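**Q** Based on what follows, work out the 3D shape:
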Amino acid sequence: MKWLMLSRTDMGMCRTRPESQRKMKKKEKELKESKEKLKHARSIDKYGEPIPPEQPINEEEDVADE
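**A** So this is what the prediction gives:
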């Protein structure tokens, strides 16, 4: 419970998180959302067709011929 700080209010003492903890939680949430978006972006093959989630992705097949 180190991350909890006490602050005074009209009703007495209440526990609040320090600002750094709030910022860290927000960054973690944004990172998780961006990872989800990236995961969905990877599920499109080289022809623009969506790949079903249960089908494994073969990266060699997805590379366009040069």
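
**Q** Mind naming the longest helix for this protein?
**A** Across the chain, the longest stretch assigned as helix under DSSP state H is helix 19-41.

**Q** Do me a favour and average the pLDDT over that helix.
**A** Per-region confidence: helix 19-41 scores 84 on mean pLDDT.

**Q** Report the buried residues of that helix.
**A** Judged by neighbour count (16 or more other CB atoms under 10 Å), helix 19-41 contains no buried residues. In short, each C-beta sits where N, CA and C put it, glycine included.

**Q** Extract the C-alpha trace of that helix and format it as CSV.
**A** Extracted as CSV, the C-alpha positions of helix 19-41 are listed here (Å, rounded to 0.1, in the frame of the first residue of the first chain):
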residue,chain,number,x,y,z
GLU,A,19,0.0,11.8,-10.0
SER,A,20,2.9,9.6,-11.3
GLN,A,21,0.8,6.5,-10.6
ARG,A,22,-2.1,7.9,-12.6
LYS,A,23,0.1,8.8,-15.5
MET,A,24,1.7,5.4,-15.5
LYS,A,25,-1.8,3.7,-15.5
LYS,A,26,-2.8,5.9,-18.5
LYS,A,27,0.4,5.0,-20.4
GLU,A,28,-0.2,1.3,-19.8
LYS,A,29,-3.7,1.6,-21.0
GLU,A,30,-2.6,3.4,-24.2
LEU,A,31,0.1,0.9,-24.8
LYS,A,32,-2.3,-2.0,-24.5
GLU,A,33,-4.8,-0.3,-26.9
SER,A,34,-2.0,0.3,-29.5
LYS,A,35,-0.9,-3.3,-29.2
GLU,A,36,-4.5,-4.4,-29.9
LYS,A,37,-4.6,-2.2,-33.0
LEU,A,38,-1.3,-3.6,-34.2
LYS,A,39,-2.5,-7.1,-33.7
HIS,A,40,-5.6,-6.4,-35.9
ALA,A,41,-3.4,-4.6,-38.5
